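**Student:** sequence and predicted model, in that order:
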Amino acid sequence: ILNVEQSPQSLHVQEGDSTNFTCSFPSSNFYALHWYRWETAKSPEALFVMTLNGDEKKKGRISATLNTKEGYSYLYIKGSQPEDSATYLCAFINQAGTALIFGKGTTLSVSS
Amino acid sequence: DAGVTQSPTHLIKTRGQQVTLRCSPKSGHDTVSWYQQALGQGPQFIFQYYEEEERQRGNFPDRFSGHQFPNYSSELNVNALLLGDSALYLCASSLSGTGHIRAQYFGPGTRLTVL
């Protein structure tokens, strides 16, 4: 059974703080890793799709890194803002081409 | 450019009933995937439709079935509803031929409650 683990489950930070969370996935037969942001009452929105070991992607104050050999990805948010409050989901797929397997998400709350 | 739309937004059914959920993909997309998100869990893949056929299926019983129409819209049908089917059902669309190296575009979901 393929498992994707995300930690922490939730966290609360102050505006301006930088934060990061982890997504762990099986390292064998890696194909792609997705990150999504899901704000309350909205649709999940794609942040990054990463495919290569050592990949680093950036979108504004949010960035992500990928280590396929050890099976983890980090998502970083620099200078958190209240509008960053959301659940961040990662999803993994292996080379068998089966469907995306999602973690349970990390819920971030940023207070001003 | 319309994104992914789903209907209805909310639905309440009783055990044993049948339900149909609907999804219209993002303009230009031809592949639709359905996910179930139970409380406290991440989205779980149900199945994917492309060219009006089920291309992949997750670990869900045959009570869950689907359909894709020539305009790429899709339906998810669940028969003989169980209390455990209560969940948020998400539809996501994507372009064929991209495998999973392109992001999926999600709809807002349909909240199904089974009493």
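**Tutor:** Alright, I've got the coordinates.

**Student:** now do the buried residues in stretch A:21-29.
**Tutor:** A:F21, A:C23, A:S24, A:F25 (16 or more other C-beta atoms under 10 Å in any protein chain shown). In short, each C-beta sits where N, CA and C put it, glycine included.

**Student:** cool, and stretch A:64-72?
**Tutor:** Within stretch A:64-72, the residues that count as buried by 16+ other C-beta under 10 Å are A:A64, A:T65, A:L66, A:T68, A:G71, A:Y72.

**Student:** let's have those residues in CSV, adding pLDDT, distance to chain B and secondary structure.
**Tutor:** Output for the buried residues of stretch A:64-72, formatted as CSV (pLDDT from 0 to 100; distance: C-beta to the nearest C-beta, whole Å; DSSP: H, G, I helix; E, B strand; the rest coil):
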residue, pLDDT, distance to chain B, secondary structure
A:A64, 98, 13, strand
A:T65, 98, 18, strand
A:L66, 97, 13, strand
A:T68, 95, 14, coil
A:G71, 95, 17, coil
A:Y72, 96, 17, strand
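
**Student:** any idea how far the strand or helix carrying B:Q56 is from the chain center?
**Tutor:** Using DSSP states H and E, B:Q56 maps to strand B:53-57. Centre-to-centre, strand B:53-57 and its host chain are 12 Å apart (C-alpha atoms, centre = their mean, to the nearest Å).

**Student:** who are the packing partners of that strand?
**Tutor:** strand B:44-50 (3 or more C-beta pairs under 8 Å, 6 or more residues apart in numbering or on different chains; DSSP states H and E).
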